[in-house]
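Undergrad: Got a sequence here, can you model it:
(one chain, ligands or ions: 3)
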Amino acid sequence: MSARAGMERDRDTIFALASGRPPAGLAVVRISGPRTRLVLETTLGAVPPARRAAYRAIRAPGGETIDRGVVLFFEGPASYTGEDSAELHLHGGRAVVAATLAILGDLPGLRPATAGEFTRRAFDNGRLDLTAVEAVADLVAAETDAQRRQALRQLDGGLAEVAGDWRRRLLHARALIEAELDFADEDDVPDSAAAAVWADMAQLSADLGKVLAGGRVGERIRDGFEIAILGPPNAGKSSLLNALAGRDVAIVTDVPGTTRDLLEVHLDLGGFAVTLVDTAGLRETTETVEAEGIRRAKARAADADLVLWLADAGQPPPADLHGSETDAGSGPLWIIGTKRDLDSDSKRDSPAARLDHRISAQTGAGLDSLVAALTAHVAGLVPAEPALVTRARHRLCLQAAKTAIDAAVANGAAPLEVRAEGLRQAGEALGELIGRIDVEDVLGAIFSEFCVGK
Ligand SMILES: Nc1nc2c(c(=O)[nH]1)N(C=O)[C@@H](CNc1ccc(C(=O)N[C@@H](CCC(=O)O)C(=O)O)cc1)CN2
Ligand SMILES: Nc1nc2c(ncn2[C@@H]2O[C@H](COP(=O)(O)OP(=O)(O)OP(=O)(O)O)[C@@H](O)[C@H]2O)c(=O)[nH]1
Ligand SMILES: [Mg+2]
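TA: Numbering: from 1, shown residues only. Ligands and ions are numbered 1, 2, ... in the order given. The predicted structure follows:
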């Protein structure tokens, strides 16, 4: 698309069904753009008062009433998109929605919105920064309470506000350096300002480091924690997956080697999203398909937040799967004894090497206490302080900013221009984080803070 065509598309008035798939109790059709008033005059006869729910007949151009519903008009810029926009709250029937969308599509200058286009306009009009745009997407996708809370916090400016503070500090530092460069040939410039700048930049790096040290918890809350079920063939892995999922996801047979592919179910453990992964039973095999399944099982276990090692006779896990708990490369592993209903009295009383839990997927014995332990474990992975970094993109932007600041701080022998350039790069990384890279910001800070009269 040419730049000009792109600009014309930006001026289009767009519409879409914003609510779920009909039939439903209600259907909300959203409209945004410069022709919004015209649309309301055409379909309702007049533009209703802004921001006040109004009950109106929605009519086709020929005059036929399509539905009677509640309509809302938002006058830009006081709207979600920042443009004039409107909502038609209709009866959620298929024919009502189809007729309404057909009428809108026939009006000149109107077209169906593309995915995310209302929010794109909110971003373009400066109503939402990039982390807020991401948060809107996360809030709509949220399935658990922790995901919802985290998305809402980000929508309310969790990371953006901190990043904004950091950017201002960088701009201030650069403004001071700029002034020092301007007056470098004069004798009356105090050196103390420069020392203060680098002290604050060292502190800024530490502040970034602190947020980054939160690790990937925010990303895990968003994407789900991973628990992998491993063990020898026939241990009862798929039976446990089905029992915890509460439905028949995996095939269970008494044939060892039934499961080959990785199977995932999504659980909500105490408000945290968890992906439980069933895997192929581990054993020596020359069978190509099974060997690939075992390779995938081990790879998944290496990435998991927790591995459940299932074995009915209490065989320990092989050393190559998992080292001891002191092995820094691997996460925790729990040993779960299965088929507890078959345990003889002698076996029950014999001291097992190590058995963290004993369960029966068949009778359900021990499952409640396993779920409680899993829930506590996942909750324990989450620090009390809410995570500000909720996506890999955030982490990479913050790391880039920190690296640039650290280099500028450490490079005391370099010319001031070179060190200032490092701070500019750090500012760019933070600008990228919130979706705004604008040299005007730097100029504005310089001119407002220093009336040097040039
Ligand atoms: N009916 C309806 N519900 C909705 C939305 C919507 O678009 N329509 N939203 C869409 O995702 C979310 C809410 N987001 C919104 C954000 C800003 C404004 C708005 O009108 N802002 C004005 C006025 C603010 C005020 O009165 O305090 C502004 O910011 O100037 C509306 C909805 C969730 N619920
Ligand atoms: N009595 C009893 N039998 C069980 C229990 N759990 C699983 N089984 C049986 O053990 C056999 C194997 O169960 P699966 O869940 O398929 O075992 P798996 O570990 O997934 O096996 P593979 O996919 O081959 O690695 C089946 O016949 C199950 O019915 C249990 O708690 N009690
Ligand atoms: Mg299986």
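
Undergrad: ok, the residue in the chain positioned nearest to ligand 1 - contacts?
TA: Relative to ligand 1, the nearest point of the chain is A78 (3.5 Å; C-beta to the nearest ligand atom). To be clear about C-beta, it is placed using only N, CA and C from the backbone, and glycine gets the same treatment. By C-beta atoms under 8 Å, 6 or more residues apart in numbering, the contact list for A78 reads 50-51.

Undergrad: Can you classify it by secondary structure?
TA: Recorded secondary structure, A78: coil (DSSP: H, G, I helix; E, B strand; the rest coil).

Undergrad: How is the closest residue to E287 other than its chain neighbours assigned, secondary-structure-wise?
TA: Among residues not flanking E287 along the chain, G257 sits closest, at 7.8 Å (C-beta to C-beta, 6 or more residues apart in numbering). Per three-state DSSP, the secondary structure class of G257 is coil.

Undergrad: Share the number of residues neighbouring G257, please.
TA: Neighbour count for G257, taken as other C-beta atoms under 10 Å: 17.

Undergrad: So for it, what's the pLDDT?
TA: At G257, the predicted lDDT confidence score is 95.

Undergrad: roughly how far apart are it and A280?
TA: G257 sits at a distance of 7 Å from A280 (criterion: C-beta to C-beta, to the nearest Å).

Undergrad: Same question for A16.
TA: Computed as C-beta to C-beta, the A16 to A280 distance reads 44 Å.

Undergrad: ok and the residue in the stretch 201-350 of the chain nearest ligand 2?
TA: Here the residue of the stretch 201-350 of the chain nearest ligand 2 is G281; by C-beta to the nearest ligand atom that distance is 2.6 Å.

Undergrad: and that residue, what does it touch?
TA: G281 sits next to 231-235, 237, 256-259, 294 when contact means C-beta under 8 Å, 6+ apart.

Undergrad: Repeat that for V255.
TA: The contact partners of V255, taken as C-beta under 8 Å, 6+ apart, are N234.

Undergrad: How many residues are close by S205?
TA: The burial count for S205: 20, using other C-beta under 10 Å.

Undergrad: So it is in contact with V409, correct?
TA: Yes. S205 lies in contact with V409 (C-beta atoms under 8 Å); the separation is 6.5 Å.

Undergrad: quick revisit: comparing A16 and A280, which residue is more hemmed in?
TA: A direct count of neighbours by other C-beta under 10 Å for A16 and A280 places A280 higher, at 26 against 19.

Undergrad: quick one: pLDDT of the closest residue to that one other than its chain neighbours?
TA: Excluding the flanking residues, the one nearest A280 by C-beta to C-beta, 6+ apart is G293, at 3.3 Å. Here, the pLDDT recorded for G293 equals 97.

Undergrad: Quick check: which element contains G293?
TA: In the assignment (DSSP states H and E), G293 maps to helix 288-303.

Undergrad: That helix near ligand 3 at all?
TA: No. Helix 288-303 lies apart from ligand 3 when judged by C-beta under 5 Å from the ion; the minimum separation is 9.8 Å.

Undergrad: Could you list every helix and strand that that helix packs against?
TA: Counting contacts by 3 or more C-beta pairs under 8 Å, 6 or more residues apart in numbering; DSSP states H and E, helix 288-303 packs against strand 225-230.

Undergrad: what about dumping the CA coordinates of the strand it packs on to PDB?
TA: C-alpha atoms of strand 225-230 as PDB (Å, rounded to 0.1, in the frame of the first residue of the first chain):
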ATOM      1  CA  PHE A 225       3.600 -21.800  34.200                       C
ATOM      2  CA  GLU A 226       4.700 -25.200  32.800                       C
ATOM      3  CA  ILE A 227       4.400 -28.500  34.600                       C
ATOM      4  CA  ALA A 228       5.700 -31.600  32.700                       C
ATOM      5  CA  ILE A 229       4.600 -35.100  33.600                       C
ATOM      6  CA  LEU A 230       7.400 -37.600  32.900                       C
END
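
Undergrad: residue boundaries of the helices in the stretch 1-150 of the chain?
TA: Counting by DSSP state H, counting those that start in this stretch, the stretch 1-150 of the chain has these helices, from start to end: 3-11, 36-44, 94-106, 117-124, 130-141, 145-155.

Undergrad: Next one: L396 relative to G62, how far apart?
TA: With C-beta to C-beta as the criterion, L396 and G62 are 55 Å apart.

Undergrad: of the two, who's got more company?
TA: Using other C-beta under 10 Å, the more surrounded residue of L396 and G62 is L396, with 14 against 6.

Undergrad: mind checking the SS state of the more buried one?
TA: What three-state DSSP gives for L396 is helix.

Undergrad: Out of the helices and strands in this protein, which is least certain?
TA: When each helix and strand of the chain is scored by mean pLDDT, DSSP states H and E, helix 439-449 comes last, with a mean of 46.

Undergrad: ok, the spatially closest residue to S19 that is not a sequence neighbour to G92 distance?
TA: Excluding the flanking residues, the one nearest S19 by C-beta to C-beta, 6+ apart is V28, at 4.3 Å. V28 sits 9 Å away from G92, taking C-beta to C-beta as the criterion.

Undergrad: and for the two, which residues touch both?
TA: Taking C-beta under 8 Å, 6+ apart as the contact rule, V28 and G92 both touch S19.

Undergrad: all strands for the stretch 101-250 of the chain, in order.
TA: 110-112, 225-230 (DSSP state E, counting those that start in this stretch).

Undergrad: what packs against the first one?
TA: Using 3+ C-beta pairs under 8 Å, 6+ apart, the elements in contact with strand 110-112 are strand 13-17, helix 94-106.

Undergrad: roughly how far is it from the heart of the chain?
TA: Strand 110-112 sits 29 Å away from the centroid of its parent chain (C-alpha atoms, centre = their mean, to the nearest Å).

Undergrad: That one - which strands sit beside it in the sheet, and in what orientation?
TA: In the sheet, strand 110-112 lines up against strand 13-17 (parallel) (DSSP bridges).

Undergrad: so E284, which of the three states?
TA: coil.

Undergrad: you'd agree T258 is up against I251?
TA: Yes. With contact taken as C-beta under 8 Å, T258 and I251 are classed as touching, separated by 5.7 Å.

Undergrad: Need the overlap of contacts for those two.
TA: With C-beta under 8 Å, 6+ apart as the test, T258 and I251 both reach S238.

Undergrad: Which one's more surrounded, those two?
TA: Ranked by neighbour count (other C-beta under 10 Å), T258 and I251 place T258 first, with 16 against 11.
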